[in-house]
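Visitor: need a structure here:
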Amino acid sequence: MLDPLGIGEVGWQQYPNGRDIGYSGLHATTDAIARLGLLYLQRGVWNGQRLLSEEWVAQATRVQVETETPNQPNPDWRQGYGFQFWMSRHGYRGDGAYGQFCVVLPETGRGDRHHRRDREHAGHPRLGMDPSGARDDGHNGRTVAGR
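Guide: Below is the predicted model of the structure:
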């Protein structure tokens, strides 16, 4: 699935040695994560080719596990979890271990990818979308893509 997206080489956390765990630990570029977000935004279609079934995308991007936690002050953490995606009040997002995240907003046709280099900001999404289309600002790894 990654080849048609033009993603190229990625790494996965392995356990035991030599066996990709697959559900976590993806090491990829900011651009690669933006492409994955855009694939989901386009309901599994990339350049006219179906890479994921529409049914899979629908399942992956809706609540599979409830995450309502009374003491959680951030309402986005209380919206539920799909298949590798956290549901948000607006769209859904994939979160990395060190503050990277990809926010997909199907209702606006936008996706936004951030990569924070410090743990202090991990888990604090900021939406700042460029209405002109897609770009990588080169500072914190933000990439914005639209349909």
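Visitor: can you pull the phi/psi pair for the residue nearest to Phe85 when sequence neighbours are not counted?
Guide: Of all residues not flanking Phe85 in the chain, Tyr92 sits nearest, at 4.4 Å (Cβ to Cβ, 6 or more residues apart in numbering). C-beta coordinates here come from the backbone N, C-alpha and C atoms, glycine included. Tyr92 adopts backbone torsions of phi -150, psi 170, taken as degrees, to the nearest 10.
Visitor: how about Leu36?
Guide: Torsion angles, degrees, to the nearest 10, at Leu36: phi -60, psi -40.
Visitor: could you shift the numbering so residue one becomes 226, and keep it that way?
Guide: Sure thing, new numbering starts at 226, so read that last one as Leu261.
Visitor: count of residues packed around the residue nearest to Phe310?
Guide: Using other Cβ atoms under 10 Å, Tyr317 has 25 other residues around it.
Visitor: next one: it from Asn242, what distance?
Guide: Look at Tyr317 and Asn242: by Cβ to Cβ, to the nearest Å, they are 33 Å apart.
Visitor: beta partners for the residue nearest to Phe310?
Guide: Bridge pairing for Tyr317 (DSSP bridges) gives the partners Met312, Val329.
Visitor: can you name the residues that contact it?
Guide: By Cβ atoms under 8 Å, 6 or more residues apart in numbering, the contact set of Tyr317 is Thr286, Gly307, Phe310, Trp311, Val328, Val329.
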